[in-house]
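Sequence unavailable; structure follows:
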C-alpha cells in the first residue's frame, strides 16, 4: 500500500498556458519523459491518481486524487507548483492536501497566486470528495480499454 497523499485541486489557468502546463504534467507512456516525474504529474491511467487535471481549453480546474507516487509531502507539492508557475504564469490554484496514508483530513493548503506559491494552514476540513465514485468510473474505463 504505502503512504499516499490525497489532494483536492481547485483554480484556473489561461488558455495561453495550457500547452506548457499539460506538457509538464503529462508524462504518458513514453519512458523518455520519466525523468520529469513529480508529485503532480499524470504518468498514465490509474484508479486514484489526479488524472489529466489541466483542462484542454483552459478555464476552471477541479481535480481530486492521490499524488503521483507515495511519500510525497506538502513541500513537494509546493516545489512542483513553483516550477509549474514559471511555465504557466496564469495558473491560480489552491491545492488542499490531506494527511498521511490517504487521510481525508486537510492538513495544509498550497496556494498559487500572481506567480507566487505559499504553504498555509488547511483552508477546508476535508479532501477527496468524489474520489470513490471517480475510481469506480476509471476502473470501468481501464477495463474497457481506455488508455
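That came through, no problem. Quick caveat, the model's predicted, so the values are computed rather than measured. Numbers count the residues shown, from 1 in each chain.

which residues does residue 84 contact?
Counting by Cβ atoms under 8 Å, 6 or more residues apart in numbering, residue 84 makes contact with 21, 24-25, 40, 91, 112. Quick note: C-beta positions are derived from backbone N, CA and C, even for glycine.

In a helix, it, correct?
Yes. Counting by DSSP: H, G, I helix; E, B strand; the rest coil, residue 84 is part of a helix.

Distance-wise, check it relative to residue 119.
15 Å (Cβ to Cβ, to the nearest Å).

mind pulling up the phi and psi values for the residue nearest to residue 73 when sequence neighbours are not counted?
Nearest residue to residue 73, sequence neighbours excluded (Cβ to Cβ, 6 or more residues apart in numbering): residue 5, at 7.3 Å. Dihedral pair for residue 5: phi -120, psi 130, per degrees, to the nearest 10.

Ok, residue 92 next?
phi -130, psi 110.

sorry, back to before: just the buried subset of the contacts of residue 84, written out for PyMOL, thanks.
Buried residues within the contacts of residue 84, by 16 or more other Cβ atoms under 10 Å, are selected in PyMOL with:
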select buried, resi 21+24+25+40+91+112
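
need the contacts of residue 84 in a markdown table with distance to residue 105, secondary structure and pLDDT, can you?
Listed next are the contacts of residue 84 as a markdown table, based on distance: Cβ to Cβ, whole Å; DSSP: H, G, I helix; E, B strand; the rest coil; pLDDT from 0 to 100:
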| residue | distance to residue 105 | secondary structure | pLDDT |
| --- | --- | --- | --- |
| 21 | 28 | helix | 96 |
| 24 | 29 | helix | 94 |
| 25 | 26 | helix | 94 |
| 40 | 20 | coil | 97 |
| 91 | 26 | coil | 98 |
| 112 | 22 | strand | 98 |
